[in-house]
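Trainee: coords below, sequence missing:
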């Protein structure tokens, strides 16, 4: 979603066509694969191998060469039509692009698309289908002082490599975040989203009404993001899933609490969170 949003904003400002190279996603097991056209109402046009070759050149457009170009060792072989994200923080050089180009990177900052925010929200408008259970829950959320709370565990816990890179948010973080919002807005109802609901029930003890949302799994996992976006306020994990769940709530009155430490090790994350969001 970050990649699309940054590229879409660039295409809008340059009045150019955006096509998406999803060949890598179609080959691997990246979460649920490429779901944007299935979930959202925007236009997501796929790039063919011919489209990629027209920008990069035929020999540089092969999967192996694209992977090589994305690494630091491939920098000397890049042309002006290959744009690689130089670092994690916001890079203003992206908007200086004035020719057909291939973007490579994560682009995890609202600053890449803030001036096109409404267009991005329109692209990421959820398709109307919901199960009756989720539709009833959506109505309940709209009628309450709802706060989404996301606990991301999964491979953040089970994979030593992923755990060493990302880490997990502490129970103290969630307790402090809840208290911060309660101090600001009074009594709330917590809607708790997690890939490990049992762990949350056993370990996160809070003095507030709680609704555990655990019916959406597999390809339907995205519905959790849709339900998050309907809440009035948000407590997110160090996860782009709940980042977007909070961002897609367009309310100017929302409070979003995010972890101050997004990664287990120090990283330049100053541009990752929108300025109004609270870091704890």
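Mentor: Received, thanks. Computed from a prediction, not measured in an experiment: that's the story for all the values here. Numbering: from 1, shown residues only.

Trainee: element containing residue 150?
Mentor: Following DSSP states H and E, the helix or strand that holds residue 150 is strand 146-151.

Trainee: Paired strands for that strand, with orientation please.
Mentor: strand 189-194 (parallel), strand 233-235 (parallel) (DSSP bridges).

Trainee: Of all those strands, which one is nearest residue 177?
Mentor: strand 233-235 (4.4 Å; Cβ to Cβ). (C-beta placed from N, C-alpha, C; glycine too.)

Trainee: next helix or strand past that closest one?
Mentor: helix 240-247.

Trainee: Tell me which other helices or strands the helix or strand that comes right after that next one touches.
Mentor: On the C-terminal side of helix 240-247, the closest following helix or strand by DSSP H and E is strand 256-258. Contacts defined by 3 or more Cβ pairs under 8 Å, 6 or more residues apart in numbering; DSSP states H and E place strand 256-258 against helix 171-185, strand 233-235, helix 240-247, strand 278-279.

Trainee: what angle sits between the third one and strand 189-194?
Mentor: The reference is to helix 240-247. Between helix 240-247 and strand 189-194, the angle comes out at 150 degrees (axes from the mean of the first three to the mean of the last three Cα atoms, to 10 degrees).

Trainee: quick one: helix 240-247 to chain centroid distance?
Mentor: For helix 240-247, the distance from its own C-alpha centre to the chain's C-alpha centre is 5 Å (Cα atoms, centre = their mean, to the nearest Å).

Trainee: May I see the buried residues of that helix?
Mentor: 240, 241, 242, 243, 244, 245, 246, 247 (16 or more other Cβ atoms under 10 Å).

Trainee: which residues touch the strand holding residue 150?
Mentor: Contact partners of strand 146-151, identified using Cβ atoms under 8 Å, 6 or more residues apart in numbering, comprise 169, 174, 177-178, 181, 188-196, 199-200, 204, 227-228, 230-237, 239, 241-242, 245-246.

Trainee: Give me the buried entries from these.
Mentor: Among the contacts of strand 146-151, those classed as buried by 16+ other Cβ under 10 Å are 169, 174, 177-178, 181, 188-196, 200, 204, 227-228, 230-237, 239, 241-242, 245-246.

Trainee: From the centre of the chain outward, give me the first residue you hit.
Mentor: residue 240 (3.3 Å; Cα atoms, centre = their mean).

Trainee: Surely that one touches residue 2?
Mentor: Yes: taking contacts as Cβ atoms under 8 Å, residue 240 lies within contact range of residue 2: 6.6 Å.

Trainee: hey, which helix or strand in this structure has the poorest pLDDT?
Mentor: Within the chain, no helix or strand scores below helix 155-158, which has a mean of 62 by mean pLDDT, DSSP states H and E.

Trainee: Measure how buried residue 5 is and give me the count.
Mentor: In terms of burial, residue 5 registers 25 neighbours under the definition other Cβ atoms under 10 Å.

Trainee: Provide a list of residues in contact with it.
Mentor: Counting by Cβ under 8 Å, 6+ apart, residue 5 has contacts 107, 112, 113, 120, 123, 124.

Trainee: and with 7 Å instead?
Mentor: Going by Cβ atoms under 7 Å, 6 or more residues apart in numbering, residue 5 touches 112, 113, 120.

Trainee: same check, this time on residue 61
Mentor: 49, 52, 53.

Trainee: Mind doing that once more with 6 Å?
Mentor: Residues in contact with residue 61 (Cβ atoms under 6 Å, 6 or more residues apart in numbering) are 52, 53.

Trainee: Look up how far residue 73 lies from it.
Mentor: 18 Å (Cβ to Cβ, to the nearest Å).
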